[in-house]
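S.K.: Predicted model and sequence below, questions to follow.
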Amino acid sequence: MLLFIHRKDLRIEDLSAFDYIYSTNMPSLHLLILDPFLLKNKRHEAHSGINFLQHVTRLQELYIAAGKRLHVIYGEPAAVIDRTLQALAIQEIIYQQDFTPYAIHRDRKIKEIAAQYNVKLTTFIDHTLADLADYHRYSGRTEPYKVYTPFYRKWNEYLQSYYRPPSAVTLADLKTVELDAGILESFPLPFDLKAYTPAAEPYQVLQQFLEQQLPAYVQTRDQYAVEGTSSLSKSINLGAISIRSVYEALLLREHAAPWIRQLAWRDFYLYQSVYSKDFFTYEKLYDLTSLNDRHFTSWYKGETGIPVIDAAMTELNETGHMPNRLRMITAMFLTKNLLCPFTLGEQYFRYKLSDYDNTLNRGGWLWSSSMGFDAAPYFRIMNPVTQSQTHDPTGQYIRKWLPQLKTASEKEVHLPQKNAIVDLKTSRAAAIEVYKNILR
Ligand SMILES: Cc1cc2nc3c(=O)[nH]c(=O)nc-3n(C[C@H](O)[C@H](O)[C@H](O)COP(=O)(O)OP(=O)(O)OC[C@H]3O[C@@H](n4cnc5c(N)ncnc54)[C@H](O)[C@@H]3O)c2cc1C
């Protein structure tokens with residue numbers, strides 16, 4: 001019997017692991033392990049945890065509809081696997097690889113357990129569009145790409161030749177088996193999964209986006225009051241929709257290039273997480289003691305007195321969503337004008353963003369704080385007022401999230417309030433000096 005563990009692949013089709021299981025013709029036990037470490041600090045009540053658990057209940061329903069069995073277990077992954085290997089004659093464990101520091105540490109422990117029981121481990125990588133190791137070989141480089149545009153050009157060329165279409169094998173083709181009730185009882189869930197309504201069907205979200213928003217995406221993607229983007233990140237990051245199916249749906253469409261470029265940014269950050277040794281440790285490379293947390297609370301509560309910042313943080317706190325341009329503006333404001341270490345903002349987004357992804361979130365924060373590959377130059381600091389005037393001239397977005405500014409004039413709505421916690425001009429000048437020293 002095989003043991004398959006779902007991770008950031010919460011779907012039942014186009015999985016390399018399913019192709020493999022099918023090829024063996026063996027029955028498989030399917031687990032989804034809810035890891036207490038990843039759900040600590042009441043994460044199951046935060047937007048990021050809720051989105052994850054809604055995708056778990058969607059997956060459960062897909063299994064039931066296919067007449068198959070998925071076991072959702074709460075416990076430390078190595079302990080759950082140890083107990084399962086003790087009880088059942090498992091020959092092989094199969095799962096997706098992940099490259100975050102915690103995932104590497106967790107998988108090292110799983111490897112040790114598997115070795116103790118003499119059980120084979122087989123892993124796959126399905127969450128990127130380009131097979132990163134193969135892409136790296138194809139690029140012919142010894143050093144990884146550090147700049148996005150040449151990475152993207154080669155990536156496009158690579159996909160045209162080596163793109164692997166989605167697989168036809170689905171869960172319906174596999175023989176799943178039941179887990180012993182005793183094991184399930186040893187790892188009870190600390191909350192009621194039924195309380196989480198299943199996530200929206202991502203393939204329908206994709207279809208709707210392609211038909212209604214894709215043609216104008218290049219104009220509307222930064223007009224955050226319009227909601228011109230796909231909102232698919234919260235499903236893509238959990239593998240609830242296959243990234244290959246997304247790409248396949250774009251292949252014969254007009255106007256697809258600007259959106260594909262965004263998918264390439266995703267691969268670029270995932271590539272860095274593998275090929276940049278400093279990606280997860282930049283904060284240790286620099287002396288950040290000139291930064292402080294003085295204004296952090298005002299920032300996260302949306303009480304800075306800069307309307308676009310306060311509106312964006314209010315939307316995030318209330319809904320778990322924030323459009324990309326506003327993530328850039330709020331992150332740059334925190335790290336530059338407020339001189340706060342990027343790691344504090346990164347941690348805050350970890351709980352609050354529905355689409356939270358460790359690698360993409362870090363990539364966004366590194367960019368904003370001028371660290372890492374192809375980051376924003378330290379002297380180019382976005383002005384939140386100018387950004388607001390450019391991307392939402394009538395102030396529609398600010399009026400929606402800050403009712404106290406509902407009736408402000410089109411000029412006033414963007415301007416710093418009397419109680420603004422910093423002056424934009426002087427804080428910008430100070431930030432340039434501080435970051436010049438940090439990055440020296
Ligand atoms: C400070 C900061 C933090 C961020 N944290 C996250 C995060 O935790 N999770 C996350 O998924 N994205 C993150 N992003 C990237 C980006 O903001 C979101 O991917 C995007 O807003 C998702 O909305 P969408 O699905 O409607 O995107 P669309 O515009 O429809 O784009 C399609 C897809 O392309 C990818 N994509 C788009 N923009 C980016 C980008 N800038 N970087 C990488 N991939 C991108 C996503 O997979 C997205 O779903 C962050 C950006 C910043 C600046």
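M.R.: The structure has been received and is ready for your questions. Numbering: from 1, shown residues only.
S.K.: If you count neighbours, what's buried in stretch 249-268?
M.R.: Buried residues in stretch 249-268, defined by neighbour count with 16 or more other C-beta atoms under 10 Å: Ala249, Leu250, Ala256, Trp259, Ile260, Leu263, Ala264, Trp265, Arg266, Asp267, Phe268. Backbone N, C-alpha and C define where each C-beta goes, glycine included.
S.K.: quick one: contacts for the fourth one?
M.R.: It stands for Trp259. For Trp259, the contacting residues are Leu214, Tyr217, Ser230, Leu250, by C-beta atoms under 8 Å, 6 or more residues apart in numbering.
S.K.: can the helix or strand it falls within be found next to the ligand?
M.R.: Element membership of Trp259, judged by DSSP states H and E, is helix 257-275. Yes: using C-beta under 6 Å from any ligand atom, helix 257-275 reaches the ligand at Trp259, Gln262, Leu263, Trp265, Arg266, Tyr269.
S.K.: Export those as a markdown table, with columns for pLDDT.
M.R.: Output for those, formatted as a markdown table (pLDDT from 0 to 100):
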| residue | pLDDT |
| --- | --- |
| Trp259 | 97 |
| Gln262 | 97 |
| Leu263 | 97 |
| Trp265 | 98 |
| Arg266 | 98 |
| Tyr269 | 97 |
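S.K.: and which of the residues you listed is nearest Leu32?
M.R.: Using C-beta to C-beta, Arg266 comes nearest to Leu32 of the residues of helix 257-275 next to the ligand, at 23.2 Å.
S.K.: Going by residue numbers, what spans are strands in this structure?
M.R.: 2-6, 28-34, 71-74, 92-96, 120-124 (DSSP state E).
S.K.: Quick check: closest non-adjacent residue to the closest residue to the ligand within the chain.
M.R.: In the chain, the residue that lies nearest the ligand is Gly364 (2.3 Å; C-beta to the nearest ligand atom). Using C-beta to C-beta, 6 or more residues apart in numbering and skipping the chain neighbours, the partner closest in space to Gly364 is Arg327 (5.8 Å).
S.K.: which residue sits closest to the residue most central in space within the chain in space, ignoring its chain neighbours?
M.R.: For the chain, the residue sitting closest to the mean C-alpha position, by C-alpha atoms, centre = their mean, is Asp357 at 2.5 Å. Using C-beta to C-beta, 6+ apart and skipping residues adjacent in sequence, the residue nearest Asp357 is Asn237, 4.2 Å away.
S.K.: Roughly how far does that neighbour sit from Tyr145?
M.R.: Distance, Asn237 to Tyr145, using C-beta to C-beta, to the nearest Å: 22 Å.
S.K.: what about the two, which has more around it?
M.R.: Neighbour tally, Asn237 and Tyr145, criterion other C-beta atoms under 10 Å: the higher count belongs to Asn237, 27 against 22.
S.K.: dump the residue contacts of that one.
M.R.: Lys8, Asp355, Tyr356, Asp357, Leu360.
S.K.: Of the residues you listed, which are in range of the ligand?
M.R.: Among these, proximity to the ligand is found for Asp355, Tyr356, Asp357, Leu360 (C-beta under 6 Å from any ligand atom).
S.K.: follow-up on the earlier one: adding pLDDT and distance to the ligand as columns, could you present the contacts of Trp259 in CSV?
M.R.: Output for those, formatted as CSV (pLDDT from 0 to 100; distance: C-beta to the nearest ligand atom, whole Å):
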residue, pLDDT, distance to the ligand
Leu214, 96, 9
Tyr217, 96, 7
Ser230, 97, 3
Leu250, 93, 10
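S.K.: Report the buried members of those residues.
M.R.: By neighbour count, with 16+ other C-beta under 10 Å, the contacts of Trp259 hold Leu214, Tyr217, Ser230, Leu250 as buried.
S.K.: what does the stretch 151-300 of the chain have sitting close to the ligand?
M.R.: Within the stretch 151-300 of the chain, the positions lying close to the ligand (C-beta under 6 Å from any ligand atom) are 221, 229-233, 236-237, 259, 262-263, 265-266, 269.
S.K.: can you pull out the helices in the stretch 251-400 of the chain?
M.R.: Ranges of helices in the stretch 251-400 of the chain, per DSSP state H, counting those that start in this stretch, are 257-275, 282-285, 296-301, 307-319, 324-332, 342-352, 358-368, 384-391, 396-401.
S.K.: Ile33 touches Asp82, doesn't it?
M.R.: No: Ile33 lies out of contact with Asp82 (C-beta atoms under 8 Å); the separation is 12.0 Å.
S.K.: ok, these two, which is more surrounded?
M.R.: Remark: of Ile33 and Asp82, Ile33 carries more neighbours, 24 against 19, as counted by other C-beta under 10 Å.
S.K.: how much space between that one and Ala114?
M.R.: Between Ile33 and Ala114 the distance, using C-beta to C-beta, works out to 15 Å.
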